[in-house]
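**Q** whatever this is, show me its structure:
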Amino acid sequence: MTPLEFLYYLGYSIKKRYALKNQKRLSNKVISIGNLTLGGTGKTPATIVLAGEAKKRGFKPCILTRGYKGTAEGPCFVSKGNGPILDEHRAGDEALLMAEKLNDIPVIKGKDRYKAGLFALSSLPSTLRPDLFILDDGFQHWRLFRDIDILLIDSTNPFGNRRLLPIGSLREPISAINRADIIVLTKTPTHPSPSKVGIDSYRWAGKGRGNKSQMSKVKNLIEEIKRYNSKASVLFAEHRPSKFIKTTGETMPVEWAKDKKLFGFGGIGNPQSFRATLLSVDINLTGFKAFRDHYRYNQSDIHTIIDDAKMGGAEWIVTTEKDIMRLKRLEIPKNLISLGIEFNVDKRFYEEVLGGIDGQIHQCQEQVKD
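**A** Take a look at the predicted model:
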């Protein structure tokens, strides 16, 4: 451990100890979704699909988010379930995207998620008053008790250079895997067997072109995870391109872009992963420009992107849905589109998360009756 890492670890340890000592509990069940590294694992799409599935199953979920980079002081509503109330500058790009994607599911911004939960319970009408809180990016938010901790790990780049901040991308030591109740390896095109997932049940789904090297890396990753946490289920998820979206809202199937010339850019946790996703849909990618995560674009950036796209003969300019949230206040070209991504996860994920929560709720209700 380098001196800089040691200083970070010292501050991390003090903060964690204080938060756990003063940890508070909401009256409703809490599910946390988070990771060990800075961005790039798919927390936002995972939160969106879990909230949507919870709604389908009869829960009244509410998302509690920090609203990273948003200037609004919390707790406050980003959405009461019928679209965004705040703009990206005040809400943050991830919070705004969740508010736009989810109907009848409130999104509340607040640095202190316990206070945000109390705000939801006291401010929402009875029809939306939550019985389930989903904590976005909450693995390190120790001040609030969680009933289930879901840890996402990017299978293509699980721990970066394995160094803590600020030398690496790790928010906490890899050994923190032991806190997770459910672990999801993201960006794995897989068809896991219906039995309990383990190393032997992992089957690669590379359209008949099994990548032995990548499969070996994933198996080694599972072995390492099990050394730290042998109890948590290890499941698999894939970020699958679903559609292209024009700024007008019009959508086109992925096949629409085949052989078209596109210029791509992105300011997300792992922009090169987005570049790889674009190449996977058989487009002619004339160029790609990467920006830092949560980058706030200005009009000059847009002009540069347009010029770069023209230089390569691109017909369209493509970015992520999260980046689009940060471009709404700017003058953007008509040929700008975003690529919609679906978070496809083993269906047992929902059973293990929501089935367990539902059982706990019914057990509590029976105890109250007795």
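**Q** residues in contact with R25?
**A** By CB atoms under 8 Å, 6 or more residues apart in numbering, the contact set of R25 is L144, F145. Heads up, the C-betas are built off the backbone N, CA and C, glycines and all.
**Q** per-residue confidence at it?
**A** On pLDDT, R25 comes in at 97.
**Q** ok, G40 next?
**A** pLDDT, G40: 80.
**Q** helices of the stretch 101-250 of the chain, start to end?
**A** With DSSP state H, counting those that start in this stretch as the criterion, the stretch 101-250 of the chain has helices at 113-123, 212-228.
**Q** now render those as a markdown table, adding distance to L339, mean neighbour count and mean pLDDT.
**A** Output for the helices of the stretch 101-250 of the chain, formatted as a markdown table (distance: least, CB to CB, whole Å; neighbours: other CB atoms under 10 Å; pLDDT from 0 to 100):
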| stretch | distance to L339 | mean neighbour count | mean pLDDT |
| --- | --- | --- | --- |
| helix 113-123 | 30 | 20 | 97 |
| helix 212-228 | 22 | 15 | 89 |
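**Q** a markdown table for the ones you listed, including distance to H89?
**A** Formatted as a markdown table, the helices of the stretch 101-250 of the chain follow (distance: least, CB to CB, whole Å):
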| stretch | distance to H89 |
| --- | --- |
| helix 113-123 | 19 |
| helix 212-228 | 38 |
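**Q** can you list the residues that contact the lengthiest helix in the chain?
**A** Longest helix in the chain, counting residues (DSSP state H): helix 3-21. Residues outside helix 3-21 that contact it (CB under 8 Å, 6+ apart): 1, 140-143, 163-168, 171-173.
**Q** tell me the buried residues in that helix?
**A** Buried positions in helix 3-21, judged by neighbour count with 16 or more other CB atoms under 10 Å: E5, Y8, Y9, Y12.
**Q** again with stretch 50-65
**A** 50-55, 59-65.
**Q** quick check: mean pLDDT of that stretch?
**A** Mean predicted lDDT for stretch 50-65 stands at 97.
**Q** ends of that stretch, what's the gap?
**A** 14 Å (CA to CA, to the nearest Å).
**Q** quick one: it to chain centroid distance?
**A** Put simply, stretch 50-65 sits 15 Å off its chain's centre (CA atoms, centre = their mean, to the nearest Å).
**Q** for the chain, which residues score under the pLDDT cut-off?
**A** 189-211, 359-370 (pLDDT under 70).
**Q** OK, contacts around the most centrally placed residue in it?
**A** Centroid check for the chain by CA atoms, centre = their mean gives K43 as the closest residue, at 1.3 Å. The contact partners of K43, taken as CB under 8 Å, 6+ apart, are I33, G34, N35, E94, D136, D137, L152.
**Q** okay, and the nearest residue to the fourth one once chain neighbours are set aside sits in which element?
**A** Spelled out, it's E94. In space, and not counting its chain neighbours, E94 is closest to T44: 4.8 Å by CB to CB, 6 or more residues apart in numbering. Here T44, judged by DSSP states H and E, is contained in helix 43-56.
**Q** what pairs with the next helix or strand along the chain from that helix, parallel or antiparallel?
**A** On the C-terminal side of helix 43-56, the closest following helix or strand by DSSP H and E is strand 61-65. If you go by DSSP bridges, strand 61-65 pairs up with strand 107-109 (parallel), strand 132-136 (parallel).
**Q** out of those strands, which is closest to Q23?
**A** With CB to CB, the closest approach to Q23 among the strands paired with strand 61-65 belongs to strand 132-136: 13.1 Å.
**Q** send the alpha carbons of that closest one over as PDB?
**A** Below are the C-alpha coordinates for strand 132-136, written out as PDB (Å, rounded to 0.1, in the frame of the first residue of the first chain):
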ATOM      1  CA  LEU A 132     -39.500  -0.700  -0.300                       C
ATOM      2  CA  PHE A 133     -36.500   1.600  -0.600                       C
ATOM      3  CA  ILE A 134     -33.800   1.000  -3.300                       C
ATOM      4  CA  LEU A 135     -30.500   2.600  -2.400                       C
ATOM      5  CA  ASP A 136     -28.700   3.700  -5.600                       C
END
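**Q** got the contact list for that strand?
**A** Outside strand 132-136, the residues touching it (CB under 8 Å, 6+ apart) are 26, 28-34, 43-44, 47, 50-51, 54, 59-66, 94-95, 98, 113, 117, 120, 141, 144, 146, 357.
**Q** not counting its neighbours along the chain, what's nearest F77?
**A** Per CB to CB, 6+ apart, closest to F77 is I85, 5.3 Å.
**Q** show me what contacts that neighbour?
**A** Contacts of I85 were listed using CB under 8 Å, 6+ apart, and they are F77, V78, S79, A99.
**Q** who touches the helix or strand hosting the second one?
**A** When elements are defined using DSSP H and E, V78 is found to belong to strand 76-79. Strand 76-79 is contacted from outside by 65, 67, 84-86, 91, 95-96, 98-99, 102, 105-110, 119, 123, using CB under 8 Å, 6+ apart.
**Q** what distance do you get for K334 to E315?
**A** Per CB to CB, to the nearest Å, K334 is found 12 Å from E315.
**Q** which one's more surrounded, these two?
**A** Using other CB atoms under 10 Å as the criterion, K334 and E315 rank with E315 on top: 13 against 10.
**Q** hmm, that one is touching K260, no?
**A** Yes: between E315 and K260 there is a contact under CB atoms under 8 Å: 5.7 Å.
**Q** nearest spatial neighbour of P253, chain-adjacent residues omitted?
**A** Nearest residue to P253, sequence neighbours excluded (CB to CB, 6+ apart): K243, at 6.2 Å.
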